[in-house]
Structure formats: C-alpha cells, structure tokens
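Trainee: Generate coordinates for the sequence data below:
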Amino acid sequence: MVYILACFLAVWFSFVGVTQLRKDISFVHAFIDRYVEMAIDRQRSSEKTFERISPARYVYLDELVEKTKDKAELRNQMLNLFLPAIDFISSATGFIFFYLARHLDVWMKLREEVISIDDAPITFDLLKSMKYLEFVVNESLCLLAPAGLSIRTWVEDCVLPRGGRPDGKSPILVRPGTEIRIVFHALHKDRDIWGEDAMEFRPERWENFRTTWEYIPFLGGSRICPAQQMALAEVYYFVVRFMQEFKFMENRDPETKFAPGMKLSRYGE
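Mentor: Next up is the predicted model:
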C-alpha cells in the first residue's frame, strides 16, 4: 500500500509544475537571504565598534547571527519561525468559528464584549484585556490545537518523574535516541485534568482555571514558540473585527462535531 501511494505521488508531482515550484522556492529563499546578509553585516559592524547589534530591542535574526554565520542555517531557522505561524492563524480562526457557529450563546456573550469597546483603537493591550475573548480562544486551542503533537529525540539519559509502570505514575528512564511524542490533543482532553466535560466547548472553565503544563498549544519553557504573542494578537484581531461587522452567524452544517479530514489537490483549492 505504501509503495502504491509513493508511486502515485511521484507521478502526481510530475504534473504539478515542478519548475514553477522551484522558482517559488528560490524566490522565498532569495527574499530571506537578503535579510540574513543584512544581519550578518550588522554583526560585523558591531564587532568593529564593540556595540550590541540591536541595543534597543530583541531581534531574533540578530540573536541567531551571534550563534552561527551559516547562511543556510539562518535561512532555515527563519522559515521555521514564520511558516508555522501562517498555518496556525488560519487553522486557529477556522476552529474558533467552527465552535462559535455551533454555540450561539457563546457568540452572543463574546459579541457583547466586542461591542463594549466601541470605536476604540484595537491595540495589543486592548485585545489582551478582553477576558472572554481570551477564554474562547483558549478553549478552542485546547480542544483543537493547530499543532497536534511535538516530537523530540533524547540526546542523553534522563529520568522523567512519571510515565513508568502500568499506571504511568512512576519515574521512567529515557535513553539517548528515544523518540518522545507529546500529543497535545490527548493532554488537552485528559478528564483527570479538565473534568468530565473535557470534550465540551465551555469557555467559562477558564474563569478560575490556571494552567501550567496542562495547556501547551505553543509548547513551553525554552522551546516555547517565539511567535506566540504575534500569532495570538492576529487571531484576537481577526475575531474582533469579524464580530464588529457581523451581528449573527448561522450554522448550516448538520454535523455538530469536528470531523478531521485530508485532501490532496493539484492546485490547492
């Protein structure tokens, strides 16, 4: 079956315009390479003047240049930062409105909060102050995280505090080379953490619920998504502007539960 699928994909890709694909990839690489060159030049200039590259603010690319001058590595790191953010925003907003269309009580309550800001400029601080908007977004990301899992490979011996024995509550030794999969969809629906209504869309649960490692749609610690706040701000902004323009949203889909699927298309429609 895998062999048949591989053959099919090989034939399929031969008809989708590989030449155009390569041109598009080259265009993206050239665009990012220009900024990589600029960052390297800034770093060289700062070495001559003994000044920090970006003294007034944190610039991610400048920080990377401090670690390596490999242009391909720098380009790939920048792509790794921005490409997931694009998919995250489209997926997250789609999931949010999937739930809002099926929970009109939540829609009305959220729209009241949106209307209450009147014509105030929609700033980052204003968006962060809208608590029910935060609850709705958190609940949606909890039930349908755009990033479903994270995979890590151990590089040295490590003892995890839980995961051993049949009950999973004892320490467990992890050897180098072991692949660990963190499945967000399972963690975010664990009834031991979220209660018996873990599978239900209920934004009000966030009023008194404070999470640490139970809720990690952006991972956490030193490996947390560096674009987290930017992505959330864009999602918040889109939801607010949409609800300012539309008073009501009707669900015409007879399906009330989310049904994931996959589509393979030549043109991306």
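Trainee: For this structure, just list every one of the strands.
Mentor: Counting by DSSP state E, one finds strands in the chain at the ranges 149-153, 158-164, 170-174, 179-183.
Trainee: export those strands to a markdown table and tack on mean pLDDT, mean neighbour count and distance to Glu207?
Mentor: In this view, the C-beta of every residue, glycine as well, is placed from N, C-alpha and C. Putting these into a markdown table (pLDDT from 0 to 100; neighbours: other CB atoms under 10 Å; distance: least, CB to CB, whole Å) gives the following:
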| stretch | mean pLDDT | mean neighbour count | distance to Glu207 |
| --- | --- | --- | --- |
| strand 149-153 | 85 | 11 | 28 |
| strand 158-164 | 88 | 12 | 28 |
| strand 170-174 | 92 | 12 | 35 |
| strand 179-183 | 88 | 12 | 27 |
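Trainee: Can you add distance to Glu134 and give those strands back as a markdown table?
Mentor: Listed next are the strands of the chain as a markdown table, based on distance: least, CB to CB, whole Å:
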| stretch | distance to Glu134 |
| --- | --- |
| strand 149-153 | 23 |
| strand 158-164 | 29 |
| strand 170-174 | 35 |
| strand 179-183 | 24 |
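Trainee: The residue nearest to Pro203 when sequence neighbours are not counted and Tyr236, how far apart?
Mentor: Nearest non-adjacent residue to Pro203, counting by CB to CB, 6 or more residues apart in numbering: Phe135, 3.9 Å away. Here Phe135 is placed at a distance of 12 Å from Tyr236 (CB to CB, to the nearest Å).
Trainee: quick one on the thing from earlier: so what's the residue nearest to Pro203 up against?
Mentor: By CB atoms under 8 Å, 6 or more residues apart in numbering, the contact set of Phe135 is Pro203, Glu204, Arg205, Trp206, Glu207.
Trainee: Buried only: go through these for me.
Mentor: By the neighbour-count criterion of 16 or more other CB atoms under 10 Å, these include these buried positions: Pro203, Arg205, Trp206.
Trainee: Of the residues you listed, just say which sits nearest to Val240.
Mentor: Distance to Val240 across the buried ones among the contacts of Phe135 (CB to CB) is lowest for Pro203, with 15.4 Å.
Trainee: what about the residue nearest to Pro203, distance to Glu245?
Mentor: Following CB to CB, the distance that separates Phe135 from Glu245 is 22 Å.
Trainee: do the same with Val155
Mentor: Going from Val155 to Glu245 by CB to CB gives 50 Å.
Trainee: Same question for Arg102.
Mentor: 20 Å.
Trainee: Give me the nearest residue to the residue nearest to the spatial centre of the chain, chain neighbours excluded.
Mentor: Centroid check for the chain by CA atoms, centre = their mean gives Phe88 as the closest residue, at 4.4 Å. For Phe88, ignoring the flanking residues on the chain, the nearest one in space by CB to CB, 6+ apart is Pro146 at 4.8 Å.
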